[in-house]
Structure formats: C-alpha cells, structure tokens
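Q: kindly generate the corresponding structure for this input.
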Amino acid sequence: MSKLHINTRPTPITLMDVPLEHAHQCDITILEHQASNEVNHVNNIEFIKWIDKASEIHLDTTGWTRPKLLEHQCMWFVARHEIDYRDEAFLDDDLVLSTWVEDVRRVKSWRSTTIHALRDEPILVCECRTLWVLVNLETKKPMPVPSSIAESLHPLSMPRLTK
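A: The predicted structure is shown next:
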C-alpha cells in the first residue's frame, strides 16, 4: 500500500468557492511515486486517494472515527465520485485540499472537495462531488443517518432525515 502525505492544515486559507466556515482543509505533500513516469504530473488516481483520506480525516474531527462507527455497526461507503480535473498538479506543487458536506439526506450525504495548487495564485486543479452512503455493517444495507452524525458534519443545507 502506498503512503499518503496528507495532514490537517493548521491555519485555513481563503480560496474561491470554498465555504471556510464548513470546510476542513488539508495540506498534501506529493511523493515521488505519485507522479506519472511518462510525464511530469500527478497520476489521476492519487486525487481519489487524497479525497477519500481527507473525508476520513474530516469525519474524525467531528468525533465519528472509524472505531466509533464500528461500535455503532455502521460505516460510510462511496457510491459515486464526480470528478473534474481542471489543471495539472506537479511533483513540486504544494497542494491544499478543502472538503465539506453539502447535505445529508435519509441514508446518504453529498460531499464536495477541491484541490488547489499554491503557486503565485492558487490554481484549482481538481474538484469532486462524492455521494456517500451510510451502511449497516450487519445487514449490509443502507441505514438512516442518525441526527447526531448529520449534525456533527455541519452540512451547508439542513439535514433531511427519516423521522
């Protein structure tokens, strides 16, 4: 398994279209194995790994760590990634990933993520929307998102949960 160098950013930075009051930011250090052998840019699959890891880190900061989810017999699983690559990221780039929850509905949640290269001006290199589904680990079926989880995610819109 390849290593990821992604850490919570100590001081958030303002970036266009990132709702800072709801976003969690991470710094990404690009490792040599993450660049393509053929051309000097980051391999696209690395973006997906960073997006997944940052979602996990963000969830941890809410108190809903993987061990706590396991205690509740549930886990979030990706149902869909919608990803747009806007520019290239290079081995010597400093990257900032911002992620936030758009909404929480019954059994699912949409999360947005952007990745910017910090050059003379921040450059958007990737944006992604991910549909996450909360799954009951015993039944292997989607389960209603508890209000305690929904509220801890601080979604942009009011959660729409099962009553």
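
Q: give the pairing partners of the helix or strand of the chain with the lowest mean pLDDT; include direction for each.
A: Lowest by mean pLDDT, DSSP states H and E among the helices and strands of the chain is strand 6-8, with a mean of 85. Its sheet considered, strand 6-8 pairs with strand 24-29 (antiparallel) by DSSP bridges.

Q: quick check: angle from the helix or strand following the partner strand to strand 24-29?
A: The helix or strand immediately downstream of strand 24-29 is helix 44-61, counting by DSSP states H and E. Orientation check (axes from the mean of the first three to the mean of the last three C-alpha atoms, to 10 degrees): helix 44-61 against strand 24-29 gives 140 degrees.

Q: mind giving me the packing neighbours of helix 44-61?
A: Judged by 3 or more C-beta pairs under 8 Å, 6 or more residues apart in numbering; DSSP states H and E, the packing partners of helix 44-61 are strand 6-8, strand 24-29, strand 74-85, strand 94-105, strand 108-118, strand 122-136. Every C-beta, even on glycine, is put in place using the N, C-alpha and C of the backbone.

Q: next helix or strand past it?
A: Using DSSP H and E, the next helix or strand after helix 44-61 towards the C-terminus is helix 66-71.

Q: what's in contact with that following helix?
A: Outside of helix 66-71, the residues within contact range by C-beta atoms under 8 Å, 6 or more residues apart in numbering are E56, D60, M75, W76, L137.

Q: buried residues in the least confident helix or strand of the chain?
A: Buried residues in strand 6-8, counting neighbours by 16 or more other C-beta atoms under 10 Å, are found at I6.

Q: re earlier: pick the one among the contacts of helix 66-71 closest to R86.
A: E56 (23.8 Å; C-beta to C-beta).

Q: what sits against the closest one?
A: Going by C-beta under 8 Å, 6+ apart, E56 touches R66.

Q: what two of the contacts of helix 66-71 are the furthest from one another?
A: Spatial extent of these (C-beta to C-beta) is set by the pair D60 and L137 at 18.3 Å.

Q: pLDDT wise, what is the residue positioned nearest the centre of the chain at?
A: With distances taken as C-alpha atoms, centre = their mean, S55 lies nearest the centre of the chain, 3.4 Å away. Per-residue pLDDT puts S55 at 97.
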